[in-house]
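Undergrad: Fold the following and give me the result.
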Amino acid sequence: MIFTNEFFSSTSTIADTAKIELVDEFTYETHIYEQIAPVSNPDGIVRRNRNGVYYLNKTVSESSEPLDVGIFGAKGNGSTDDTESINKAVLYLSKIGRGSLKFSSNKNYLINGTIYITSNINFYCNGATFVGNSNGSNTIIETAYLTTENNVTFLKSNLLEDYQSHVIVSSQIRDANFVRCGTGIHFVNFCTGCSLENITFSDCVCSIKFDHCFYTTLKNIISTPVFRESTTPHEYSYQFLGQNNALLLERMTATRELGFLFEGGTTATSIISSTTEGGQTGFKFKDECLGVVIKGPYAEGIFNAIDLSEVPVGTFEITGGYFTYVDKPLIGPGNLAGPNESANYGQVTGEWNNNTVIPDRQLPIYDNHNNVIGYNNYRGLMDISQPRNYINYSLPIIEGDGSLPSNWIVGDHNIISSYGQIKATDIKAIGNVKRQFGVIPVTRSGDVGDGKAGFIPDCTHELIGSNPSDFGIKIKTKIKFQEYMMFAKYNIYVATYSLGRWFYGDIFGKNLSAKDVGNSQVTSIENENGFLVIKITGFNEPNLNYIIQGNVQLIV
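TA: The predicted model follows:
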């Protein structure tokens, strides 16, 4: 049994041979070496020079499996700097045009410098840990490209290159842990077919920086706080700088002071099931943001969940979120007009719906001895009053008279529309509500008649009759009754002691087309003081209690 370091030693007395089987000094695996013609720039791993005689590692060069970085000298013992060894492996694969590296799950790879990734390279980390330098200031992985100077081919970072130079494609990093560094991953032009998946960052000032990255996927990524001295600067955990388009961010978590930053603009980016907890700002957007979809965000113990105050032009869809112990779930766009532009320069449009906001909550603040020294107050404040804000808000009704919470900042009633702001006085939020008594909200579409410009019309309901065996429900709207020019739809659910069913249909002028024909209940419409009234009669129940929900929509 001959080890590679013995055979290739300059003092070795083993005779040269056309082919020889050696045991790799790092992995203890058997490799076959074969003599080849002299080559320039042998890498010392796959092509090696033995006192003027050149050998090729056939086991490595002909393998279609991921290569163990240990072959290139990476120890993963947490104390030996593995930067150069891993870069040797990347350099070899970059020269042949593609390939994969595998790391060991139980090893800690110390990276005092920076390791690189190029196109068509995969890192299969298998749960391995990459540890930054002693003061936690370095960047662990950067994108790079092959270049040759003075007949020497080497890897060079593309971070300072011109935009769209040296684009990285079809590369990925999976199943890795990053610990104690300035920046875990800093990638430029990391584009089509590239991905990061199943990665955790701990004690990293910044977890990920992306510059000009397109069509990239990030999944199952967690960033936890920096535990070093208090002088460590706060940075956003995930930074998308410059133009980053068509990104898919799925199940990313930031339990940090600052979560996600999009600066320089982004287009067609989807953020799905992401979490921000315990800090100042969850998502901060700057510059033009077009076609941004945020689905199922979860925010807890954070002051500003989604901040659009520095977006001059944008389109956002924010749906299915849950905001608890949050002071401001959403901050609308600010006035970013230049000296020659009006105060209404640009606009932000989109949708906010099916989001749950829990207002007025407190969390205790503890000192180093776990003593409560104060409280953080979280109001659930919706700051959506800005004049350039044209997001269509579908907001929940709270208990009481159906009005919005008193601490929600809403816009000037003069610019309300179906795509506009919500006024501050006497309004009912758009949406559905289920309650024993109160308001059935109306979804508004267009002009609803004289005297109603500037507010959303609402419905109230009341009991008809006092006989449990024959009673009804009257639903009074603020829709102007017009015999020949009114087209409305109703969709109402009534639950009594033994009955629960929907009543729905179309209203054409003074005619009603019910879609619930054949039931004992009868739906009809009337003109009461110039407004549309809907009646549902014929209930036969042991008592007069009922629960009602639904909507009436005027179509124009």
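Undergrad: Local confidence estimate at Ile96?
TA: Ile96 is assigned 89 on the pLDDT scale.
Undergrad: Nearest residue to Ile141 in space, ignoring adjacent ones along the chain?
TA: Residue nearest to Ile141 in three dimensions, not counting chain neighbours: Ile185, with 5.1 Å by C-beta to C-beta, 6 or more residues apart in numbering. All C-beta spots, glycine's among them, are computed from the backbone N, C-alpha and C.
Undergrad: for Ala176, same thing?
TA: Going by C-beta to C-beta, 6+ apart, Ala176 has Cys125 as its nearest residue, at 3.7 Å.
Undergrad: same deal with Lys102?
TA: Leaving out its chain neighbours, the residue that sits closest to Lys102 by C-beta to C-beta, 6+ apart is Pro66, at 4.0 Å.
Undergrad: Could you check the pLDDT of that neighbour?
TA: 92.
Undergrad: repeat for Asn5
TA: Each residue has a pLDDT score; the one for Asn5 is 90.
Undergrad: Let's verify it: helix, strand, or coil?
TA: Using DSSP: H, G, I helix; E, B strand; the rest coil, the structure places Asn5 in helix.
Undergrad: can you tell me the helix or strand for the residue nearest to Ile141?
TA: Using DSSP states H and E, Ile185 sits within strand 172-188.
Undergrad: just checking, what packs against that strand?
TA: Identification of packing neighbours for strand 172-188 by 3 or more C-beta pairs under 8 Å, 6 or more residues apart in numbering; DSSP states H and E yields strand 121-131, strand 139-149, strand 195-211.
Undergrad: Determine which of the ones you listed approaches Ile115 most closely.
TA: Checking the helices and strands packed on strand 172-188 against Ile115 by C-beta to C-beta gives strand 139-149 as the closest, at 5.5 Å.
Undergrad: Measure how buried the residue nearest to Lys102 is and give me the count.
TA: Neighbour count of Pro66, defined by other C-beta atoms under 10 Å: 16.
Undergrad: any idea how far the closest residue to Gln35 other than its chain neighbours is from Ser63?
TA: Using C-beta to C-beta, 6+ apart and skipping residues adjacent in sequence, the residue nearest Gln35 is Ala18, 5.2 Å away. Distance, Ala18 to Ser63, by C-beta to C-beta, to the nearest Å: 21 Å.
Undergrad: Ile365 too?
TA: 56 Å.
Undergrad: before we move on, what about Glu6?
TA: Counting by C-beta to C-beta - Glu6 and Ser63 are separated by 23 Å.
Undergrad: now swap in Gly334 and tell me
TA: Where Ser63 is concerned, Gly334 sits at a distance of 57 Å (C-beta to C-beta).
Undergrad: now swap in Leu196 and tell me
TA: Taking C-beta to C-beta, one finds Leu196 at 25 Å from Ser63.
Undergrad: the more surrounded of the two?
TA: Just comparing Leu196 and Ser63: by other C-beta under 10 Å the higher neighbour count belongs to Leu196, 26 against 14.
Undergrad: How about the more buried one: which residues does it bridge to?
TA: Beta-bridge partners for Leu196, by DSSP bridges, are Ile173, Leu218.
Undergrad: again, but for the one 10 residues further on
TA: In this structure, Cys206 has the following beta-bridge partners (DSSP bridges): Thr183.
Undergrad: That one and Pro333: what is the separation?
TA: 26 Å.
Undergrad: Would you list the phi and psi of the nearest residue to Ile373 once chain neighbours are set aside?
TA: Here the nearest residue to Ile373 in space, its sequence neighbours aside, is Asp367; by C-beta to C-beta, 6+ apart that works out to 5.0 Å. Per-residue torsions, Asp367: phi -90, psi -170 (degrees, to the nearest 10).
Undergrad: going forward, begin numbering at 2 instead of 1
TA: Noted, 2 is the first residue going forward, which turns the last one into Asp368.
Undergrad: Count residues in the vicinity of Asp368, would you?
TA: Other residues close to Asp368 by other C-beta under 10 Å number 9.
Undergrad: isn't it right up against Gly375?
TA: No: applying C-beta atoms under 8 Å, one finds Asp368 not in contact with Gly375, separated by 9.4 Å.
Undergrad: if I look at the closest residue to Ile46 other than its chain neighbours, how far off is Gly194?
TA: Distances taken as C-beta to C-beta, 6+ apart put Phe73 closest to Ile46, at 5.2 Å, once the chain neighbours are dropped. Distance, Phe73 to Gly194, using C-beta to C-beta: 25 Å.
Undergrad: And the two? Which one has more around it.
TA: For Phe73 versus Gly194, neighbours defined as other C-beta under 10 Å are more numerous around Phe73 (25 against 15).
Undergrad: What residues does Ser224 make contact with?
TA: 201-202, 205, 208-209, 238-239, 253-257 (C-beta atoms under 8 Å, 6 or more residues apart in numbering).
Undergrad: Just among those, which is most surrounded?
TA: Counting neighbours by other C-beta under 10 Å, Ser238 leads those with 30 neighbours.
Undergrad: Would you mind measuring from that one to Asp328?
TA: On the measure of C-beta to C-beta, Ser238 and Asp328 end up 19 Å apart.
Undergrad: For Leu92, identify the helix or strand it belongs to.
TA: Using DSSP H and E, Leu92 sits in helix 84-97.
Undergrad: That helix to strand 122-132, inter-axis angle?
TA: Helix 84-97 runs at 170 degrees relative to strand 122-132, counting by axes from the mean of the first three to the mean of the last three C-alpha atoms, to 10 degrees.
Undergrad: which residues sit in contact with the residue nearest to Asp288 when sequence neighbours are not counted?
TA: Nearest residue to Asp288 in three dimensions, chain neighbours excluded: Gly266, at 4.2 Å (C-beta to C-beta, 6+ apart). By C-beta under 8 Å, 6+ apart, Gly266 lies in contact with 243-245, 287-291.
Undergrad: Of the residues you listed, keep whichever come out buried.
TA: 243-245, 287-290 (16 or more other C-beta atoms under 10 Å).
Undergrad: rewinding a little: close enough to count as contact, the residue nearest to Ala177 and Ile174?
TA: Yes: Cys126 lies in contact with Ile174 (C-beta under 8 Å); the separation is 6.8 Å.
Undergrad: what residues are up against Cys207?
TA: Residues near Cys207 by C-beta under 8 Å, 6+ apart: 183-185, 236-238, 240.
Undergrad: so Phe540 touches Gln522, yeah?
TA: Yes: counting by C-beta under 8 Å, Phe540 touches Gln522, with 6.4 Å between them.
Undergrad: Settle it for me: which of these two has more neighbours?
TA: Counted by other C-beta under 10 Å, Phe540 and Gln522 do not tie: Phe540 has more neighbours, with 23 against 17.
Undergrad: Okay, the more buried one and Glu529: tell me how far apart.
TA: According to C-beta to C-beta, Phe540 and Glu529 sit 20 Å apart.
Undergrad: do the same with Val24
TA: On the measure of C-beta to C-beta, Val24 and Glu529 end up 95 Å apart.
Undergrad: Same question for Val495.
TA: Val495 is 20 Å from Glu529, by C-beta to C-beta.
Undergrad: Who has more neighbours out of the two?
TA: Here Val495 and Glu529 are compared on neighbour count by other C-beta under 10 Å; more neighbours surround Val495, at 19 against 13.
Undergrad: May I ask you to confirm that that one is in contact with Gly539?
TA: No: using C-beta under 8 Å, Val495 is not in contact with Gly539, being 11.3 Å away.
Undergrad: Local confidence estimate at Gly280?
TA: At Gly280, the pLDDT value in this model is 88.
Undergrad: next one: Phe215
TA: pLDDT recorded at Phe215 is 94.
Undergrad: how distant is the helix or strand hosting Gly551 from the center of its chain?
TA: Counting by DSSP H and E, the element that carries Gly551 is strand 548-555. For strand 548-555, the separation from the chain centroid amounts to 34 Å (computed by C-alpha atoms, centre = their mean, to the nearest Å).
Undergrad: What helices and strands are in contact with that strand?
TA: Of the remaining helices and strands, those touching strand 548-555 by 3+ C-beta pairs under 8 Å, 6+ apart are strand 440-442, strand 471-481, strand 488-496.
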